[in-house]
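Asker: Quick one, fold the following:
(chains A, B and C)
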Amino acid sequence: MRAQASVLHLDLDAFFAAVEQRDKPSLRGKPVVVGGVGGRGVVATASYEARKYGVRSAMSTREARSRCPHAAFLTGRFHAYRDSSNAVMGLLRSVSPLVEPLSLDEAFVDLERADLPDLDLPTVTAFAETLRQRVREVTDGLTASVGVGSSKFIAKVASELDKPDGLTVVAPGTEVELLRPMHVTVIPGVGPATAERLRRAGIHTVAELESVSLDELVRLVGKAHGTGLFHLARADDDRPVLAERETKSVSVEGTYETDLTDRKLMEGLLTRQAGEVATRLRKHGLSGRTVTIKVRLHDFTTLNRSSTLPSPTDSTATVARVARALLADLDTSGGVRLLGVGVSGLADWIQDDLFGESDPEVVEEEPAHVEAPSSRRTAWAPGIDVVHAEMGRGWVWGSGRGVVTVRFETADTPAGPVRSYPVDDPELTVWRPPEPGDAENSMAPPPRPT
DNA sequence: TCTGGGGTCCTAGGACCC
DNA sequence: TCTGGGGTCCTAGGACCC
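Answerer: Numbers count the residues shown, from 1 in each chain, chains lettered A, B, ... in the order given. You can find the predicted model right below:
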């Protein structure tokens, strides 16, 4: 907890629905529900007009239709949402270099890094009001709710207090008295299961939570969660605002209108999902060692099965093959409503399949002099094809001591320049031969060193 | 025909190694 | 040879968030 109110949380109001109402004037002032419109869809966002009828996020669309039949039910237009989100995040970053997006419609901003004369309440309040106005301008009319406080926790709680289109600044020193009367579910991480456990222990409010010993809380909800709750109940929160978060996993899943029973069809769907996952991995220059499938049965029981490879992959064929093998061990005779594929244990890039699909000897015989940065990452092996964001395509001449040297040589430029980069330079990634489904698939590989 | 999709983090048990 | 402990990796499930 900081001595000044220097953490800001911004939340765009009913974001998806608000974008739809902005872009389609006939929807303004009317109930709008964005989400899955099929038989098994759920509500992503309801406009405030729809909320009056009890429509809520995560409610089934079926339920929403029965509560508010005259609402407009729309599937999302994610490009439009992303455009507006980018405009807002860009605005926030112009104001402070330390911006932590939580989703398309939410972010923390560290005001200690903003250009403010001081962090006194009047200054911060005026700044936040100006920021809300500028959000309106860059998004062509969307509104945001903003909270400012001495920590992430307090800023987030504050932004909820005056929704929509409001601002709350919590004065340092008043945090605990603000929290004490509130229900424990204001604390991030306290969902239905934890709230029920606490309720059975007679704990409903933050004040009651504050009176419980650390040992007792750990006994009730586990070590990590218990210690977290102990501190948050006292508004004790030192989590920093972090601008960049590393991706830990990539996954694709789908719920089907009717339960699947045909194994061949399931294998085909998993194969298609594996292709989407692998394409996204390649697009971001990532690869991973653990392939996981997710299977939700007809009765909603959910199974995960995973397998960890000896080295990272971003290959459609490898991910698909492992996914199908994992499915083979499962009894799906009762029907399957959801299938999914994911890859985790991510490295910055790939070794598996660099020299062809199934050739484990090549993979294992990594030259001893090439040092891997960590067990999860693989060194820049000489000869592999790479691409640099500005320089374009080339191949690795050599590497060592944290530096990789690249020769930028292609069919068009046979005697290209040589450049060296830090091994973790984000501009430099392994080049992958395009697979079906990739955006650009007309490029030929560059010449290889002999 | 109740119950999405994309994530993160935690727990717990077993294998394996030192 | 027996016994124990600690650390890491892997797998499965669950809670939670937006």
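
Asker: Below-threshold pLDDT in the stretch 351-450 of chain A: ranges please.
Answerer: The model of the stretch 351-450 of chain A has pLDDT under 70 over residues A:351-386, A:388-390, A:394-450.

Asker: at 50 instead, please
Answerer: For the stretch 351-450 of chain A, the stretches with pLDDT under 50 are A:352-383, A:398-403, A:412, A:435-450.

Asker: ok, which residues in the stretch 301-450 of chain A are in contact with DNA strand C?
Answerer: When proximity is defined as Cβ under 7 Å from any atom of the strand, the stretch 301-450 of chain A approaches DNA strand C at A:302-308, A:345, A:375. Glycine gets a C-beta too; all of them are placed from N, C-alpha and C.

Asker: Now with 6 Å, please.
Answerer: Residues of the stretch 301-450 of chain A found near DNA strand C (Cβ under 6 Å from any atom of the strand) are A:302-308, A:375.

Asker: Next step: those restricted to strands.
Answerer: A:302-308 (DSSP state E).

Asker: Could you dump the residues you listed into CSV and include pLDDT and distance to DNA strand B?
Answerer: Converted to CSV, those look like this (pLDDT from 0 to 100; distance: Cβ to the nearest atom of the strand, whole Å):
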residue, pLDDT, distance to DNA strand B
A:Thr302, 97, 9
A:Leu303, 98, 14
A:Asn304, 98, 10
A:Arg305, 98, 13
A:Ser306, 98, 11
A:Ser307, 98, 13
A:Thr308, 97, 11
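
Asker: out of those, who has the most neighbours?
Answerer: Highest neighbour count within these, by other Cβ atoms under 10 Å: A:Arg305, with 17 neighbours.

Asker: That one: what's it in contact with?
Answerer: A:292-293, A:295, A:326-327, A:329-330 (Cβ atoms under 8 Å, 6 or more residues apart in numbering).

Asker: Just grab the bridge partners of it for me.
Answerer: Beta-bridge partners for A:Arg305, by DSSP bridges, are A:Ile293.

Asker: JSON lines please, covering the ones in strands among the residues of the stretch 301-450 of chain A next to DNA strand C and showing distance to A:Arg113.
Answerer: Compiled in JSON lines, those are given as follows (distance: Cβ to Cβ, whole Å):
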{"residue": "A:Thr302", "distance to A:Arg113": "41"}
{"residue": "A:Leu303", "distance to A:Arg113": "45"}
{"residue": "A:Asn304", "distance to A:Arg113": "40"}
{"residue": "A:Arg305", "distance to A:Arg113": "44"}
{"residue": "A:Ser306", "distance to A:Arg113": "40"}
{"residue": "A:Ser307", "distance to A:Arg113": "43"}
{"residue": "A:Thr308", "distance to A:Arg113": "40"}
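
Asker: Can you report how many residues lie near A:Ala320?
Answerer: Residues near A:Ala320, counting by other Cβ under 10 Å, number 22.

Asker: what's the closest non-adjacent residue to it?
Answerer: A:Ala274 (3.7 Å; Cβ to Cβ, 6 or more residues apart in numbering).

Asker: What residues does chain A have near DNA strand B?
Answerer: Counting by Cβ under 6 Å from any atom of the strand, the residues of chain A near DNA strand B are A:36, A:39-42, A:44, A:58, A:60, A:222-225, A:247-255, A:257-258, A:300, A:338.

Asker: Give me the neighbour count for the residue nearest to A:Ala320.
Answerer: Applying other Cβ under 10 Å, we find 26 other residues in the vicinity of A:Ala274.

Asker: And A:Arg337, by the same measure?
Answerer: For A:Arg337, using other Cβ under 10 Å, the count is 19.

Asker: Contacts only, for it.
Answerer: By Cβ under 8 Å, 6+ apart, the contact set of A:Arg337 is A:40, A:255-256, A:259-260, A:296-298, A:300.

Asker: Now with 10 Å, please.
Answerer: A:40, A:254-260, A:295-300, A:302 (Cβ atoms under 10 Å, 6 or more residues apart in numbering).

Asker: Of those - the most surrounded one?
Answerer: Neighbour-wise, the contacts of A:Arg337 (other Cβ under 10 Å) top out at A:Val295, 23 neighbours.

Asker: Give me the secondary structure label for it.
Answerer: Assigned by DSSP: H, G, I helix; E, B strand; the rest coil, the conformation of A:Val295 is strand.

Asker: I'd guessed it sits against A:Ala328; true?
Answerer: No. Applying Cβ atoms under 10 Å, one finds A:Val295 not in contact with A:Ala328, separated by 11.7 Å.

Asker: anything in stretch A:103-118 near DNA strand C?
Answerer: Yes. Residues of stretch A:103-118 are located near DNA strand C by Cβ under 6 Å from any atom of the strand, namely A:103, A:105-106.

Asker: Just the buried positions in that stretch, please.
Answerer: Buried positions in stretch A:103-118, judged by neighbour count with 16 or more other Cβ atoms under 10 Å: A:104-111, A:114, A:116.

Asker: CA atoms only: put it into PDB for me.
Answerer: The C-alpha trace of stretch A:103-118 is given here as PDB (Å, rounded to 0.1, in the frame of the first residue of the first chain):
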ATOM      1  CA  SER A 103      -8.600  -7.400 -20.700                       C
ATOM      2  CA  LEU A 104      -9.900  -5.400 -23.700                       C
ATOM      3  CA  ASP A 105     -11.900  -3.100 -21.400                       C
ATOM      4  CA  GLU A 106      -9.800  -2.800 -18.200                       C
ATOM      5  CA  ALA A 107      -6.400  -1.600 -17.200                       C
ATOM      6  CA  PHE A 108      -4.300  -0.300 -14.300                       C
ATOM      7  CA  VAL A 109      -2.200   2.800 -14.700                       C
ATOM      8  CA  ASP A 110       0.700   3.700 -12.400                       C
ATOM      9  CA  LEU A 111       0.400   7.400 -11.700                       C
ATOM     10  CA  GLU A 112       3.800   7.500 -10.000                       C
ATOM     11  CA  ARG A 113       5.100   7.300 -13.500                       C
ATOM     12  CA  ALA A 114       2.700   9.900 -15.000                       C
ATOM     13  CA  ASP A 115       3.700  13.500 -15.500                       C
ATOM     14  CA  LEU A 116       1.900  15.000 -12.500                       C
ATOM     15  CA  PRO A 117       3.100  18.000 -10.400                       C
ATOM     16  CA  ASP A 118       2.100  16.000  -7.300                       C
END
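
Asker: Understood, closing this out.
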